Structures are given as C-alpha cells and as structure tokens.
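Asker: Just a sequence and a predicted model for now, questions to come.
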Amino acid sequence: MHTPLPYPGPDTTGPTHPHLDLLGWDATWAAGLDLATEPGPTLVGRVCRADAGACDVLVPGPSAAPDVVAAPWGPAVRRAHRADPTAAPVAGDWVLLTCDPDAAVAVAEVLPRRTAVVRAQVDGSSRGQVLAANADVVAVVEGLAPDPDPGRLERLLALAWSSGAEPLVVLTKADLVPDAAARAADAQTLAPGTTVLAVATPDAVGLDPIRARLAAGATIALLGASGVGKSTLLNALVGGETMRTRGLRSDGKGRHTTVTRELHLAPGGGAILDTPGMRTIGLAGADALDDVFPEVDALAADCRFADCAHDGEPGCAVLAAVASGELPERRLASYRKLLREAQHQAARTDARLRAEMTAVWKQRTRDYRRRPDKKR
Ligand SMILES: Nc1nc2c(ncn2[C@@H]2O[C@H](COP(=O)(O)OP(=O)(O)OP(=O)(O)O)[C@@H](O)[C@H]2O)c(=O)[nH]1
Ligand SMILES: [Zn+2]
C-alpha cells in the first residue's frame with residue numbers, strides 16, 4: 001500500500017535543514033552524520049515521547065513549527081532493544097526515520113547518545129533505565145520549603161554527574177522562605193563545583209540563567225522528586241504552552257494530537273526534558289561519587305591506605321576531618337551509603353553479565369555439537 005509522506009520529502013530536509021537547530025541539532029551532531037551514506041530516504045528527528053515499540057518524533061516542518069510524527073521502531077531498533085533494553089529510543093534521542101514513499105515511517109536508528117541520565121532499575125534487574133537522552137544540562141530540582149533533602153540532592157547530583165551533562169541545582173520556592181540566599185549557600189556545600197540557583201518560579205525570579213542556557217540552544221533535563229516544582233518550572237520556561245507542533249500520523253491519515261510529551265521546546269530556543277517525579281532513584285554506578293563529594297575525594301588522598309574505606313582504619317584523613325569538624329558527619333554517611341548502594345548494583349550487574357556470558361557459551365557449545373560436520 002502506498003503511504004504518502006506525512007511531511008516534506010527528504011530532499012527539502014536533512015542535517016542542514018534550517019529548522020533542525022530548533023530541536024537542538026548543532027554542528028557536532030551534523031559532523032557525526034553523513035546522510036548521503038544512509039540507505040534510502042532518511043529524515044533526522046528528535047524523540048519527544050517514548051512508548052514501548054514506538055515513539056513520537058519531532059521533525060523539521062515547512063515553517064519554524066516542527067511536525068510530530070508517530071513512528072514505530074524499525075527492525076534494527078527492535079533487534080538492538082532485545083540485546084540491550086537501554087538502546088530503545090527515549091525522549092531526547094536523535095533518530096533517523098526511514099521515509100521510503102512505499103513504506104510506513106519507522107525509526108531506523110538511534111544516534112549514539114552524547115549524554116544519558118541512567119537510573120538503576122527498581123525491579124532489581126541489572127540494566128539501567130534511561131530517563132533522558134542528550135541533555136546538555138541536568139538540573140536537580142529541590143524545593144526550599146520544606147527544607148531541601150540533602151541525601152536526595154546528593155543522590156540526584158550523582159545521577160546528573162554520571163550522565164555526562166553539566167549538573168545544575170535549582171532550588172524552587174525561594175519566595176516561601178525569608179533567607180533564600182543563606183539556604184542556597186547551605187545547599188552549595190552539598191554541591192561543590194556545581195552552580196546553585198534559587199528561584200521563585202511564579203514570580204519569575206532567578207530564572208534568567210536558565211533562560212540564557214535555553215536561548216543558547218541547550219537541552220535541560222529536570223530531575224526531582226514529586227512536588228518540588230518541576231511542572232511549574234517547565235511551564236514558566238516554555239511560556240505555559242509548549243511550542244506548537246503539527247501532529248501528523250505516520251500512516252498519513254490526518255493528524256494526531258500528542259497529549260503527553262517529555263521533550264518540550266522553549267519558544268526562544270532550547271528544550272526541556274521532563275522526567276517523572278520518582279520516589280526511588282537508584283544509582284547505576286559509583287563513577288560520579290568523586291564529583292559529588294570532591295572534598296571527601298581530596299581528603300582521602302591523605303589516608304594512610306590507598307584503599308581506605310574511611311571506616312576506622314588507622315591514619316584515615318577523612319575520619320580525622322570529621323573529628324575536627326571540617327567534614328560534616330552527615331556528608332560522610334551519605335557518601336558511604338551511596339557508595340555501598342552503587343557497589344551493590346555493580347556487583348549485581350557483573351553477576352548478571354557473567355550469567356549471560358555463560359548462557360552464550362553454553363548455547364555455542366550446543367550449536368557446535370549439533371553441527372552437521374560433527375555427525376558421522
Ligand atoms: N510559592 C511557590 N510555589 C511553587 C514554586 N514552584 C512550585 N510551586 C508550587 O508547588 C506545588 C508543586 O509544584 P509542581 O510544579 O506541581 O511540582 P512537580 O515537581 O511538578 O510535582 P509532580 O508533578 O508531582 O512531579 C504547586 O502547588 C506549585 O504551585 C515556587 O517557586 N514558589
Ligand atoms: Zn580514610
């Protein structure tokens with residue numbers, strides 16, 4: 001069956017399309033992709049909403065407003081997902097859509113991610129879950145009233161650091177406390193080396209640094225617990241209404257309206273990736289803890305033993321700093337807790353990978369034994 005192309009043909013679009021930059025496309029992405037080598041007509045788009053087996057993809061429209069296309073995963077994406085569930089397209093991913101006039105639109109390929117916010121699976125499986133792809137900035141959102149939760153802030157910062165994106169702390173509800181600046185300074189001690197902003201979202205106070213990053217074309221992911229003010233912040237930044245998009249169905253049968261969306265385009269440029277407010281966000285690895293706790297890392301250099309666990313060993317510089325009051329005890333406890341959790345997760349992943357490898361070898365051995373030339 002002939003399926004009409006629901007958007008401008010590939011000859012008018014591509015990585016140099018003037019409207020791709022509205023979705024966050026830049027010279028680095030363009031440099032990594034040579035559409036001329038792609039088989040068949042191909043279109044670049046960005047996933048704004050992901051489902052199992054399909055996703056909504058923003059593609060450059062004929063005007064500044066992008067179109068949104070509902071596209072199922074193509075065979076290569078389905079195969080990649082079977083081998084590794086984190087390979088499935090998520091909000092923020094750049095994808096190639098096949099738009100062969102004789103076939104339905106499908107996601108042919110997910111471009112390698114520049115950054116990824118990955119949390120450990122709550123179901124106990126060893127694979128992580130990608131919450132947001134290709135954010136330039138990962139903003140950890142906490143409220144100032146009630147008081148920010150230090151442990152949660154540190155945990156989310158670890159996720160932000162390990163994503164590869166630039167971490168940022170946004171403290172909302174600054175209008176609800178008399179001493180927002182002092183509280184922001186307190187929170188800064190939990191996030192050494194990270195910019196901490198205090199904002200009063202309804203009054204649009206403190207939003208300018210975030211707006212500036214968006215205007216420069218950045219994609220900002222929001223990470224935070226339910227109720228800290230993510231939706232309010234999102235609405236303030238995208239002007240109450242996300243940039244209008246024309247909804248188009250991949251079968252060409254009229255329009256479809258996207259109700260929920262995870263990637264929102266800001267009217268002045270840039271994009272915001274919303275993540276669900278989760279109760280538990282497990283760490284997938286310990287790699288970012290030195291970034292979250294740089295002062296512990298620096299102190300540890302002076303411990304007598306290189307593998308010091310700061311747990312009562314003689315000559316421990318970290319415990320000495322706690323004793324002298326230089327390092328808050330809570331900070332060390334939080335570091336230890338996250339480290340234990342990340343090590344536990346890593347061990348589980350290793351065990352799972354070992355089991356998978358064993359299964360692969362067993363199967364190969366069976367296949368080998370069944371080979372026709374082995375039969376007599
Ligand atoms: N005074 C004040 N209230 C705020 C601010 N930011 C958010 N709120 C209020 O805090 C409440 C929770 O905000 P939401 O934006 O719904 O929080 P959320 O993080 O999106 O929560 P979920 O939707 O559950 O994930 C709402 O009543 C907001 O109006 C702020 O800067 N100042
Ligand atoms: Zn030590």
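Answerer: Everything's here; your move. Ligands and ions are numbered 1, 2, ... in the order given.
Asker: which residues sit in contact with the nearest residue to Ala346 once chain neighbours are set aside?
Answerer: Closest residue to Ala346 apart from its sequence neighbours, by Cβ to Cβ, 6 or more residues apart in numbering: Gly285 at 6.2 Å. From N, CA and C alone the C-beta is placed, and that goes for glycine too. Neighbour list for Gly285: Ser162, Ala342, Gln345, Ala346 [criterion: Cβ atoms under 8 Å, 6 or more residues apart in numbering].
Asker: again, but for Val110
Answerer: Applying Cβ under 8 Å, 6+ apart, we find Val110 in contact with Val77, Ala80, Ala87, Ala88, Pro89, Asp93, Trp94, Val95.
Asker: pLDDT and secondary structure added to these, as CSV?
Answerer: Putting these into CSV (pLDDT from 0 to 100; DSSP: H, G, I helix; E, B strand; the rest coil) gives the following:
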residue, pLDDT, secondary structure
Val77, 96, helix
Ala80, 94, helix
Ala87, 93, helix
Ala88, 94, coil
Pro89, 96, coil
Asp93, 97, coil
Trp94, 96, strand
Val95, 95, strand
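Asker: before we move on, the earlier item: among the contacts of Gly285, which are in helices?
Answerer: Among these, DSSP state H puts Ser162, Ala342, Gln345, Ala346 in helices.
Asker: Surely the second one and Leu289 touch.
Answerer: Yes - proximity of Ala342 to Leu289 meets the contact threshold set by Cβ atoms under 8 Å, at 6.8 Å.
Asker: shared neighbours of these two, anything?
Answerer: Overlap between the contact sets of Ala342 and Leu289, as judged by Cβ under 8 Å, 6+ apart, is given by Ala158.
Asker: re the thing from before, quick one: which of the contacts of Gly285 is nearest Leu111?
Answerer: If you rank those by distance to Leu111 using Cβ to Cβ, Ser162 comes first, at 20.4 Å.
Asker: Kindly provide the distance from the closest residue to that closest one other than its chain neighbours to ligand 2.
Answerer: Closest residue to Ser162 apart from its sequence neighbours, by Cβ to Cβ, 6+ apart: Ala288 at 3.7 Å. Computed with Cβ to the ion, to the nearest Å, the distance linking Ala288 and ligand 2 is 20 Å.
Asker: For the stretch 201-350 of the chain, what lies in contact range of ligand 1?
Answerer: Thr201, Pro202, Gly224, Ser226, Gly227, Val228, Gly229, Lys230, Ser231, Thr232, Gly277 (Cβ under 6 Å from any ligand atom).
Asker: ok, and the most crowded of the residues you listed?
Answerer: The most neighbours of any of these, using other Cβ atoms under 10 Å, belong to Val228, which has 25 neighbours.
Asker: Next, the contact list for the residue of the stretch 251-376 of the chain found nearest ligand 1, please.
Answerer: Residue of the stretch 251-376 of the chain nearest ligand 1, by Cβ to the nearest ligand atom: Gly277 (3.0 Å). Counting by Cβ under 8 Å, 6+ apart, Gly277 makes contact with Gly224, Ala225, Ser226, Gly227, Val228, Lys230.
Asker: Where does pLDDT dip in the stretch 101-250 of the chain?
Answerer: 122-126, 240-250 (pLDDT under 70).
Asker: how about the helices in it?
Answerer: 150-162, 180-188, 208-215, 230-237 (DSSP state H, counting those that start in this stretch).
Asker: and of the ones you listed, who's closest to ligand 2?
Answerer: helix 150-162 (18.9 Å; Cβ to the ion).
Asker: on that earlier part again, redo the contacts of Val110 as a markdown table? Include neighbour count and distance to Thr115.
Answerer: Formatted as a markdown table, the contacts of Val110 follow (neighbours: other Cβ atoms under 10 Å; distance: Cβ to Cβ, whole Å):
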| residue | neighbour count | distance to Thr115 |
| --- | --- | --- |
| Val77 | 23 | 20 |
| Ala80 | 18 | 19 |
| Ala87 | 18 | 16 |
| Ala88 | 22 | 17 |
| Pro89 | 27 | 15 |
| Asp93 | 26 | 11 |
| Trp94 | 26 | 12 |
| Val95 | 23 | 16 |
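Asker: Check which residues of stretch 138-150 are buried.
Answerer: By neighbour count on 16 or more other Cβ atoms under 10 Å, the buried set for stretch 138-150 is Val138, Ala139, Val140, Val141, Glu142, Gly143, Leu144, Pro148, Pro150.
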